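In: any chance you can model this:
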Amino acid sequence: MDAFLSLPPQSAEIFERLSKGLFISHNNPSGPTQNYFELIQKHEETYTAYFKLIGFQLEKGKGYYYFSKPETKSQIEDKLEKLYRYLDSLEILYMLLPELGVGDSIVIPELTSKLDTDPVLKQKLMKLPLKGGVDAPLERLSLLCKNLEKESFLSMTQENPEQYLVLDAFLYLIQLIKRIDAHR
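Out: A predicted model of the protein is given here:
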């Protein structure tokens, strides 16, 4: 147990973030989160053992970490609902930016013409259930990106013009979709 007393000082912040269902991505440019990945990577064995001891499984993807743990039926249903929203969001993003990948930027104002000229895309975006009560397509796209930022898949890098960086954790969504496709 003495080994756990020497956890890095930011362990509480790391646990708080991961326990909320968020990801820690290697390429996140924002504040302390950037340092968390390196801390986990440096002390991965200690963190894995410690988190397991308190009922959490530290998982590692390509450039990101997250928690997994046994879930109740209602938690699984909530997760599936969230997954459906992710699928719809990803469909819209890939309709806008077919080559979108980790490390790429999404510059909201640059997508205006695509939204204006593609009625199917515009309709899908307008039907997407987003909280915030915005009706203009560009505002809805902005809200979609803000939601993905809250879930730790994107990071806002610039406010004017509004711009987001695609984080490593985005791969988690892509891998989920590939697993679903493989089981069809």
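In: CA only for contacts and neighbour counts going forward, please
Out: Will do.
In: what's near enough to touch the residue nearest the centre of the chain?
Out: Central residue of the chain (CA atoms, centre = their mean): Phe153, 2.3 Å from the mean position. Residues near Phe153 by CA atoms under 8 Å, 6 or more residues apart in numbering: Phe23, Val166, Leu167, Asp168, Ala169, Phe170.
In: rerun at 6 Å
Out: Contacts for Phe153 (CA atoms under 6 Å, 6 or more residues apart in numbering) come out as Leu167, Ala169, Phe170.
In: by mean pLDDT, flag the weakest helix or strand of the protein.
Out: Lowest on mean pLDDT, DSSP states H and E among the helices and strands of the chain sits helix 170-182, with a mean of 82.
In: if you count neighbours, what's buried in that helix?
Out: The neighbour-count check on helix 170-182 (16 or more other CA atoms under 10 Å) flags Phe170, Leu171, Tyr172 as buried.
In: now these in a markdown table, with distance to Glu45?
Out: Listed next are the buried residues of helix 170-182 as a markdown table, based on distance: CA to CA, whole Å:
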| residue | distance to Glu45 |
| --- | --- |
| Phe170 | 24 |
| Leu171 | 23 |
| Tyr172 | 22 |
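In: and which of those is nearest Asp116?
Out: Phe170 (26.4 Å; CA to CA).
In: from Gly61, how far out is that closest one?
Out: Distance of Phe170 to Gly61, computed by CA to CA, to the nearest Å: 10 Å.
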